[in-house]
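Participant: Structure, please.
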Amino acid sequence: MQDVFILVGSPGTGKSWVSSQLQDKFHVMEHDSFKDKKAYMYSLINAAKERSMPILANTPFGLSEIMETLANHMVKTKPVFIIEPENVLRGRYAARGRYAAREGKEIPQGHLTRQHTYLERAQRLNAFHGTSTEVLNHLKEQ
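Facilitator: Residues are numbered from 1 along each chain as shown. The predicted structure is shown next:
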């Protein structure tokens, strides 16, 4: 049974970039290709049972729900939190054409607030946390 590493971070922290850099070391599972969270979670469980490499997953919804569901199926999860400085998030938000930034709108305050929540959660779980580059280097060592 393979471990499932779960990337957690606000929009713009670099989850997709980190995943793209690790495709030779992990079986990467992007949530965008699944229609609903139940299908995504059960695909993670099946991948953990069937794949020869650890799984790297982005979390589009509640981390607790993923961890609980996977634990109920005896899958070990390892959350990894990407925490970027506010100015980095603002810059990435402004650079993304698919967001409202192209219309001159600011990054939603909730994205910035969530960073603090994620940092507290990482500390409570004693989980690795750092910038996208630090997380990439950490996962390369796994």
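Participant: Mind listing what's buried along stretch 14-21?
Facilitator: Gly14, Lys15, Val18, Ser19, Gln21 (16 or more other Cβ atoms under 10 Å). All C-beta atoms are positioned from the backbone trio N, CA, C, and that covers glycine.
Participant: Tell me who's in contact with the closest residue to the first one other than its chain neighbours.
Facilitator: Distance criterion Cβ to Cβ, 6 or more residues apart in numbering; nearest residue to Gly14, sequence neighbours excluded, is Ser132 at 3.0 Å. If you count contacts by Cβ atoms under 8 Å, 6 or more residues apart in numbering, Ser132 has them with Gly9, Thr13, Gly14, Lys15, Trp17, Val18, Ile82, Glu84.
Participant: From Glu68, how far out is Ser132?
Facilitator: According to Cβ to Cβ, to the nearest Å, Ser132 stands 26 Å off from Glu68.
Participant: ditto for Gly130
Facilitator: Distance from Gly130 to Glu68, by Cβ to Cβ: 25 Å.
Participant: neighbour-wise, which of the two wins?
Facilitator: More neighbours surround Gly130 than the other of Gly130 and Glu68, with 16 against 12 (other Cβ atoms under 10 Å).
Participant: give me the beta-bridge partners of the more buried one?
Facilitator: Ile82 (DSSP bridges).
Participant: Give me the pLDDT for it.
Facilitator: Note on Gly130: pLDDT of 97.
Participant: Over to the one 10 residues further on?
Facilitator: The confidence metric pLDDT takes the value 97 at Lys140.
Participant: What does it show for phi and psi?
Facilitator: phi -60, psi -30 (degrees, to the nearest 10).
Participant: Cool, thanks, talk later.
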